[in-house]
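Colleague: sequence and predicted structure, then a few things I'm wondering about:
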Amino acid sequence: MDVDEHGNKRVFQRLGASYDSGKQQKVCYHWRAGRCNKFPCPYLHRELPGPPPQQHHQFLSNGSSSKRPNQGVPDDRDRSFSGARRNPNLNPTWGRVYGGGAGNRAQGGGTGNRVFRKIEKLCNYWLQGNCSFGDKCKYLHSWSVGDCFSSLTQLEGHQKVVSGIALPSGSDKLYTGSKDETVRIWDCQSGQCTGVVNLGGEVGCMISEGPWLFVGIPNVVKAWNTQNNSELSLNGPVGQVYALVVGNDLLFAGVQDGAILIWKFNAVSNCFEPAASLPGHTLSVVTLVVGANRLYSGSIDHSIRVWNLENLQCLQTLTEHTEVVMSLLCWDQFLLSCSLDGTVKVWVAKEGGNLEVTYTHKEEQGVLNLCGMHDSEAKPVVLCSCNDNTVRVYDLPSFSERGKIFARAEIRAIQAGPGALFFTGDGTGLVRVWNWSTTPTTEAAAPAPAPA
């Protein structure tokens with residue numbers, strides 16, 4: 001019987017031939033425990049794969065999927081990040097980690113049994129382009145660790161932090177917004193910037209819904225229809241618009257003054273009409289998400305409010321976080337929240353319908369953003385951006401670390417793309433395009449671009 005160190009049975013899915021024909025069809029026990037020191041190891045250092053998805057040879061083959069922030073995936077998978085709540089008593093095993101992730105594994109190569117273990121910190125000399133240690137440097141010469149994804153390309157142009165990334169449905173363009181007061185438009189085939197829109201105010205957030213692109217800037221929400229090129233200005237916000245989400249045919253905006261403003265689209269007049277304003281938060285609303293017929297709002301006032309989408313009444317106020325609630329994510333029947341207090345909390349509805357914390361994941365730094373998606377094997381993962389300029393990639397529900405992304409500055413924007421793509425935008429204005437790997441890969445340590 002195959003059991004782990006805790007006495008629990010392991011079940012490995014037998015899904016046919018592996019893509020690593022030279023390895024035994026069994027996951028390495030020591031790798032899952034985070035301490036395999038064999039190089040090469042005869043066993044798999046990953047879970048057994050499913051059938052490979054269709055490959056995308058351009059950085060984007062199309063932009064045909066509607067995106068919402070911190071929600072969902074572009075196609076139907078076995079677990080949704082924003083689906084309706086099902087059995088409230090269904091409780092998968094959260095945080096039951098049987099092994100370390102990529103961050104605990106040995107990096108680099110060696111001679112014989114010798115393995116160079118990398119310290120998970122970017123080499124400052126490599127960043128400047130003049131590290132003399134090469135592969136023997138104890139620090140990282142790569143923008144990521146882990147074998148489940150790789151960097152595909154980078155998009156340069158923004159001068160300040162990237163605060164939003166969106167791909168409107170039916171468009172072959174990628175849109176990025178920044179605190180440099182611009183929205184940049186990128187061709188999905190060539191990766192070239194084809195247009196820059198100057199907005200006259202910092203972009204606080206950006207989402208797409210169908211053909212519509214919504215951009216939050218101080219005191220207004222800009223709405224662009226990418227199919228007919230129409231543009232609308234939705235007035236009413238007081239201060240910066242930090243969060244936008246669409247649900248139940250309504251557009252919600254989280255605003256600096258603590259209000260949540262709502263508009264409803266009028267198809268006859270082709271405009272968005274003010275519908276309501278939700279008071280309650282005492283400070284800025286910085287994150288919104290829709291799931292299970294509920295609107296969830298997170299604020300600088302450290303609280304999360306739960307709203308009924310039908311009557312727009314506040315059902316519950318959650319106060320377990322001790323710092324700013326930065327991001328919210330709906331997965332299956334669960335709500336995930338992250339905060340500058342360094343925690344990711346998992347909430348589930350109990351018998352009476354109220355949400356309670358069922359698991360708390362702790363980081364050593366404040367957590368800035370959550371983005372849920374599926375990897376190339378259709379497994380649910382969550383990307384957690386932290387204020388140490390990294391993004392941790394975790395399996396759900398185990399929170400087993402799969403890999404880590406590094407940047408020169410905090411990564412504030414993460415967006416799932418079509419196929420096996422996803423995007424990150426950091427505080428320097430750089431947008432990176434990433435690709436989920438169908439087989440384990442080792443990213444080449446390309447020279448770091450010289451600092452601007």
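Modeller: Structure received.
Colleague: return the alpha-carbon coordinates of stretch 214-229 using CSV.
Modeller: Below are the C-alpha coordinates for stretch 214-229, written out as CSV (Å, rounded to 0.1, in the frame of the first residue of the first chain):
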residue,chain,number,x,y,z
PHE,A,214,-14.5,49.3,-18.4
VAL,A,215,-11.8,51.5,-17.0
GLY,A,216,-11.9,53.1,-13.6
ILE,A,217,-10.2,56.5,-13.2
PRO,A,218,-10.8,59.3,-10.7
ASN,A,219,-14.4,60.4,-10.6
VAL,A,220,-15.6,58.4,-13.7
VAL,A,221,-15.8,55.0,-15.3
LYS,A,222,-15.0,54.9,-19.0
ALA,A,223,-16.9,52.3,-21.0
TRP,A,224,-15.7,51.4,-24.5
ASN,A,225,-17.4,49.1,-26.9
THR,A,226,-14.6,47.4,-28.8
GLN,A,227,-16.9,46.2,-31.6
ASN,A,228,-18.5,49.5,-32.7
ASN,A,229,-15.9,51.9,-31.1
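Colleague: parallel or antiparallel, which strands does the host helix or strand of residue 368 pair with?
Modeller: Secondary structure assignment for residue 368, by DSSP states H and E: strand 367-374. Sheet pairing for strand 367-374, assigned by DSSP bridges, gives strand 380-386 (antiparallel).
Colleague: name the helices or strands packed onto the helix or strand where residue 317 lies?
Modeller: Assigned by DSSP H and E, residue 317 falls within strand 314-318. With contacts defined as 3 or more C-beta pairs under 8 Å, 6 or more residues apart in numbering; DSSP states H and E, the packing partners of strand 314-318 are strand 304-308. C-beta: built from backbone N, CA, C; applies to glycine.
Colleague: buried set for the strand it packs on?
Modeller: By neighbour count with 16 or more other C-beta atoms under 10 Å, strand 304-308 contains the buried residues 304-307.
Colleague: quick check: mean pLDDT of the strand holding residue 317?
Modeller: In this model, strand 314-318 has an average pLDDT of 97.
Colleague: buried ones in that strand?
Modeller: 316, 318.
Colleague: any idea of the angle it forms with strand 304-308?
Modeller: Here the directions of strand 314-318 and strand 304-308 differ by 160 degrees (axes from the mean of the first three to the mean of the last three C-alpha atoms, to 10 degrees).
Colleague: give me the residues contacting the very next helix or strand once past strand 314-318.
Modeller: Next helix or strand after strand 314-318 toward the C-terminus (DSSP H and E): strand 325-331. Contacting residues not belonging to strand 325-331 are listed as 70-71, 79-83, 286-292, 296-300, 302-304, 335-340, 366-372, 380, 382, 396 [C-beta atoms under 8 Å, 6 or more residues apart in numbering].
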